[in-house]
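Engineer: Just the structure for this:
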Amino acid sequence: MDLTLKAYINDKNSKAHDVVKSYLEQAKKLNSDYFSFVRFHDDYIQTHLDEFASKPLKAAPIGIKDIILTQDSITSCGSKMLENFISPYSATCFLNLEKNWGLMIGKTNMDEFAMGWSTETSYFGKTKNMYGTDRVPGGSSWWSAVAVASGACIAALWTDTGGSVRQPAAFCWIVGMKPTYGMISRYGVQSMASSLDQVGVMAKTVEDAEILLKAIAWFDERDAQSDPRADEFVGSEQLTTNSEQCRNFKIGVPKEVLAEGIDSAVKALFLASIEKLRASGIVVEEMSLPMLAYSVPMYYTLMPAEVSTNLARFDGIRFGLQDDSMNAENIQKYYEAVRSAGFGEEAKRRILLGTFVLSSANYEWYYLKAQKAREELQSEFTKTFANYDIILTPTAPEVAWKIGSRADDPIKMYLADLYTIPANMGGLPAMSIPMWMVEDQWEMMPAGIQVMAKRRGENKLFAFGKYVEKLLA
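Structural biologist: Down below sits the predicted model:
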């Protein structure tokens, strides 16, 4: 069974029990091939299915990223450090999903503490892309992408810090949407980099993404960065998506995204798509965002700094893997033993890098300069959206690569987020839509197009996304 969310909730003949059973069977069957889920929640399904079945989302089977807390069940964040951690409460976004009667089918695996690009940093094992042979599905929410793409669940909730919603969506031929920073509460979501993290959605279509986003967006006083206007978005009417209205949109394409680093086939298809948009009557102009070129280095300065702070709590005493402290020579040695065993290599790399940039000797030279650069980028976005409705880019500069081919080259993998990072740095809504199949090493691999709008511009983003989906797919 492989339904869209809209088709399922509008079909009066579909029975929730049959649909959920079919998806659960499919998910468990596919897990041996792709390993999308670290655990299933049969007891939870049994407890809530009858109640949810007659409500708006009709117990639609939803995958939940294993970084989103769910009360009385394990949330491990893909790490040995939290392998057996049982959450005492649920995240706000999950509670909102339950209020709208979406049903958690299981927890999808992830790169450790959301740090990765390729399936290779999870403590629990690797996942394969369903397209190609031994290809990565993207990171860090790639298990959610594979789960949706393979028909293991109807949609999924996940988090995006630098592209983890959109890049896997592009690699796996689905829609991935990151809303405006603060639109969805982060309360109860394990933080990687607090100023960049945002809960997002994965679905088969733009319309499905819109339905799910409106089910979980909410102003939450428990999240200091929650947007007070989030409730306005939830209650707003959908922007009309007729072709006449979209033809009034003015689209900007930053010339910086077509410079060095982009695969020639992806570039050619992106340019061809621009011509199709122009032929339909939409104004598409090349423009410049000079600070875009610096978004990756500023991200990999600021993000590790926040990582080192957020992961300091996992010391084996307050949270995390525990050992017999009586065997330790002193408390310092105890911390060293627990954190060395509990964290993987990528987590350690980012903790050390973040500690370095926050040290008294480097704080002004690295951290403060990156913050100033971020402010300049945000200023450029503000000026740009005064003249353009949408910014258009490829989602990623290339298609999914082979598993293991970049495991020893983290710098090269960092560049996979080249086009997605700017939206997080600016707190902007952005969405990846599946667009093309690109030939790479004699295999046809998916690639996506990314649309960005100004802060709180979700309705305009969804309107244009549906237009693009229909015109170019």
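
Engineer: Can you list phi and psi of Ser432 for me?
Structural biologist: With angles defined as degrees, to the nearest 10, Ser432 sits at phi -100, psi 130.

Engineer: measure the residue nearest to it when sequence neighbours are not counted to Leu277 for me?
Structural biologist: Counting by Cβ to Cβ, 6 or more residues apart in numbering, the nearest residue to Ser432 once its immediate chain neighbours are dropped is Arg166, at 3.7 Å. Just so you know, the C-beta spots here come from the backbone N, C-alpha and C atoms, and that holds for glycine as well. Per Cβ to Cβ, to the nearest Å, Arg166 is found 19 Å from Leu277.

Engineer: Looking at those two, which one has more neighbours?
Structural biologist: Arg166 (34 against 22; other Cβ atoms under 10 Å).

Engineer: Contact partners for the more buried one?
Structural biologist: 160, 176-178, 395, 420, 430-432, 448, 450 (Cβ atoms under 8 Å, 6 or more residues apart in numbering).

Engineer: Number of residues surrounding the residue lying closest to Leu352 once chain neighbours are set aside?
Structural biologist: Spatial nearest neighbour of Leu352, chain neighbours left out: Ser308 (7.7 Å); criterion: Cβ to Cβ, 6+ apart. Residues within reach of Ser308, counting by other Cβ under 10 Å, total 19.

Engineer: Ile331 too?
Structural biologist: Neighbours of Ile331 (other Cβ under 10 Å): 11.

Engineer: The one 3 residues further on now?
Structural biologist: The local packing count at Tyr334 equals 20, with neighbours defined by other Cβ under 10 Å.

Engineer: how much space between it and Leu321?
Structural biologist: 11 Å.

Engineer: Please enumerate the strands of this structure.
Structural biologist: 37-40, 61-65, 103-108, 155-160, 175-178, 198-203, 250-254, 283-287, 390-394, 430-440, 443-452 (DSSP state E).

Engineer: and the fifth one, how far out from the chain's middle?
Structural biologist: Going back to what we said before, that points to strand 175-178. Offset of strand 175-178 from its chain centre (Cα atoms, centre = their mean, to the nearest Å): 7 Å.

Engineer: do the same with the second one
Structural biologist: Its chain's average C-alpha position is 13 Å from that of strand 61-65, according to Cα atoms, centre = their mean.

Engineer: Show me what it is in contact with.
Structural biologist: In contact with strand 61-65 (Cβ under 8 Å, 6+ apart) are residues 19-20, 23-24, 27, 36-37, 70, 94, 97, 102-108, 110, 141, 143-144, 147-148, 152-159, 202, 212.

Engineer: one more time with 7 Å, if that's ok
Structural biologist: 20, 23-24, 70, 94, 97, 102-108, 110, 141, 144, 147-148, 153-159 (Cβ atoms under 7 Å, 6 or more residues apart in numbering).

Engineer: Equivalent analysis for the first one, please.
Structural biologist: For strand 37-40, contacts defined as Cβ under 7 Å, 6+ apart pick out 27-28, 31, 66, 74, 76, 105-109, 124, 147.

Engineer: How are the helices of the stretch 201-350 of the chain distributed by residue range?
Structural biologist: Remark: helices assigned in the stretch 201-350 of the chain by DSSP state H, counting those that start in this stretch are 206-216, 230-235, 243-246, 264-279, 295-310, 331-342, 345-358.

Engineer: Dump those into TSV; add distance to Ala60 and mean pLDDT as well.
Structural biologist: Formatted as TSV, the helices of the stretch 201-350 of the chain follow (distance: least, Cβ to Cβ, whole Å; pLDDT from 0 to 100):
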stretch	distance to Ala60	mean pLDDT
helix 206-216	9	93
helix 230-235	18	74
helix 243-246	28	70
helix 264-279	31	94
helix 295-310	32	94
helix 331-342	35	91
helix 345-358	33	94
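
Engineer: quick one: which of these is nearest Lys454?
Structural biologist: Across those, Lys454 has its closest neighbour in helix 230-235 (13.2 Å, Cβ to Cβ).
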